[in-house]
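S.K.: got a structure for you, letters missing:
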């Protein structure tokens, strides 16, 4: 069994499919994300991970644990209050090897979501899978490094660091903190020499077209238009705000990017069955791990082998 914590709409699940794996239990509290994942054929349990006992889900038959805990508390794109909790969380990492310090920590958190970043450690120490992979925004790397020391003491070979999605064939610039661990020797995470561009995955866009963040008239008057990316480059990081990106093509009216086009930039299929309103669809898409990035990371911990068709 493979357990996908904070599984969302299916970024890791689709990545697992790329390496020939499907036997995953995904746990996610958001109904819209669960609906999308199920429509795509991925199993989902709608639940609050923090309220679950890992042993009731996985028992002793867990091969791998995947985790992308919520990042809003740490993200520089938001208020970032969770970064104030970093020192408290890092100091408490070692306590998870001897018990469950969450109740004490909860009373001290500036942002309640910050504590969710340690759920992967709790589940791995309880269930002791063969391998685990975690993903978060760059600000969480010091916490991942502290967790790595606990995992090494538990017998894992662990790698932590920042990974650029474009080095793994994703047609966008996206930097994420990654933790990879397995019992045994880890394989390196190779850098793909060839970079994939917007034009490679969206060839119907005329060459030289520009993908740009929308900016209101007042902001344009004060700061000018935001710089975008052309078809011979990678796109900006796909987030929920991609719903307001516009395509500028010489001689044609500007138009907003479609969810199908944004899906391809995130390495989902164009026909991925996103559910809910346009805003809900883009929120799910932006929160997800790019499946191709996930597939490379999963292959590097021995979860499966990435097919040439998935990389193409």
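M.R.: Arrived safely. Quantities reported herein were computed from a predicted structural model and do not represent experimental measurements.
S.K.: only C-alpha atoms for contact and neighbour calcs from this point on.
M.R.: Noted.
S.K.: could I get the full set of helices for the stretch 151-300 of the chain?
M.R.: 198-201, 217-223, 259-265, 278-287, 291-300 (DSSP state H, counting those that start in this stretch).
S.K.: burial of residue 204, as a residue count?
M.R.: Counted with other CA atoms under 10 Å, the neighbours of residue 204 add up to 8.
S.K.: just residue 197 next, same as before
M.R.: Using other CA under 10 Å, residue 197 has 22 other residues around it.
S.K.: was I right about it contacting residue 235?
M.R.: Yes - with contact defined as CA atoms under 8 Å, residue 197 and residue 235 form a contacting pair (7.5 Å).
S.K.: tell me, what's touching the two both at once?
M.R.: Residues touching both residue 197 and residue 235 (CA atoms under 8 Å, 6 or more residues apart in numbering): 171-172.
S.K.: where does pLDDT dip in the stretch 151-300 of the chain?
M.R.: Within the stretch 151-300 of the chain, the ranges that satisfy pLDDT under 70 run 193, 215-226.
S.K.: from residue 159, how far out is the residue in the chain sticking out farthest from the centre?
M.R.: Taking CA atoms, centre = their mean, the residue of the chain most remote from its mean C-alpha position is residue 251, at 36.8 Å. Residue 251 sits 49 Å away from residue 159, going by CA to CA, to the nearest Å.
S.K.: which parts of the stretch 151-300 of the chain are strands?
M.R.: For the stretch 151-300 of the chain, the strands defined by DSSP state E, counting those that start in this stretch occupy 157-164, 175-182, 210-212, 229-230, 246-248, 255-256.
S.K.: so which of the ones you listed comes closest to residue 88?
M.R.: strand 175-182 (19.1 Å; CA to CA).
S.K.: which strands and helices sit next to the closest one?
M.R.: If you count contacts as 3 or more CA pairs under 8 Å, 6 or more residues apart in numbering; DSSP states H and E, strand 175-182 packs onto strand 131-136, helix 141-153, strand 157-164.
S.K.: mind doing that once more with 10 Å?
M.R.: Judged by 3 or more CA pairs under 10 Å, 6 or more residues apart in numbering; DSSP states H and E, the packing partners of strand 175-182 are strand 64-67, strand 131-136, helix 141-153, strand 157-164, helix 291-300.
S.K.: next, the buried residues of the longest one.
M.R.: Same thing as helix 141-153. Across helix 141-153, burial judged by 16 or more other CA atoms under 10 Å covers 141-148, 150-151.
S.K.: do the same with the last one
M.R.: If you call a residue buried by 16+ other CA under 10 Å, then helix 291-300 has these buried ones: 291-300.
S.K.: ok now that helix, how far from the chain's centre?
M.R.: Distance, stretch centre to chain centre, for helix 291-300: 11 Å (CA atoms, centre = their mean, to the nearest Å).
S.K.: what do you get for the fourth one?
M.R.: Using CA atoms, centre = their mean, the mean C-alpha position of strand 157-164 is found 14 Å from that of the whole chain.
S.K.: can you check the longest one too?
M.R.: Taking CA atoms, centre = their mean, one finds helix 141-153 lying 19 Å from the centre of the chain it belongs to.
S.K.: quick one: list the elements packing against that helix.
M.R.: helix 86-92, helix 119-127, strand 131-136, strand 157-164, strand 175-182.
S.K.: tell me which of these lies nearest to residue 12.
M.R.: Of all the helices and strands packed on helix 141-153, strand 131-136 sits nearest to residue 12, with 10.0 Å by CA to CA.
S.K.: run me through the strand neighbours of the closest one, direction for each.
M.R.: strand 64-67 (parallel), strand 175-182 (antiparallel) (DSSP bridges).
S.K.: most packed of these?
M.R.: strand 64-67 (a mean of 25; mean count of other CA atoms under 10 Å).
S.K.: and the contacts of it?
M.R.: 1-7, 12-13, 24-27, 58, 117, 119-121, 123-124, 127-136, 179-182, 294, 298, 301-303 (CA atoms under 10 Å, 6 or more residues apart in numbering).
S.K.: now with 8 Å, please.
M.R.: Contact partners of strand 64-67, identified using CA under 8 Å, 6+ apart, comprise 1-7, 12, 120, 123-124, 129-135, 303.
S.K.: low-scoring stretches of the stretch 1-150 of the chain, by residue?
M.R.: Applying pLDDT under 70 to the stretch 1-150 of the chain flags the ranges 71-83.
S.K.: of all the strands of the stretch 151-300 of the chain, which one is nearest residue 190?
M.R.: strand 157-164 (10.6 Å).
S.K.: how far off helix 291-300 does the closest one point, in degrees?
M.R.: Angle, strand 157-164 to helix 291-300, by axes from the mean of the first three to the mean of the last three CA atoms, to 10 degrees: 160 degrees.
S.K.: strand 157-164: which residues count as buried?
M.R.: 157-160, 162-164.
S.K.: sheet partners, orientation included, of it?
M.R.: Strand 157-164 pairs in its sheet with strand 175-182 (antiparallel), by DSSP bridges.
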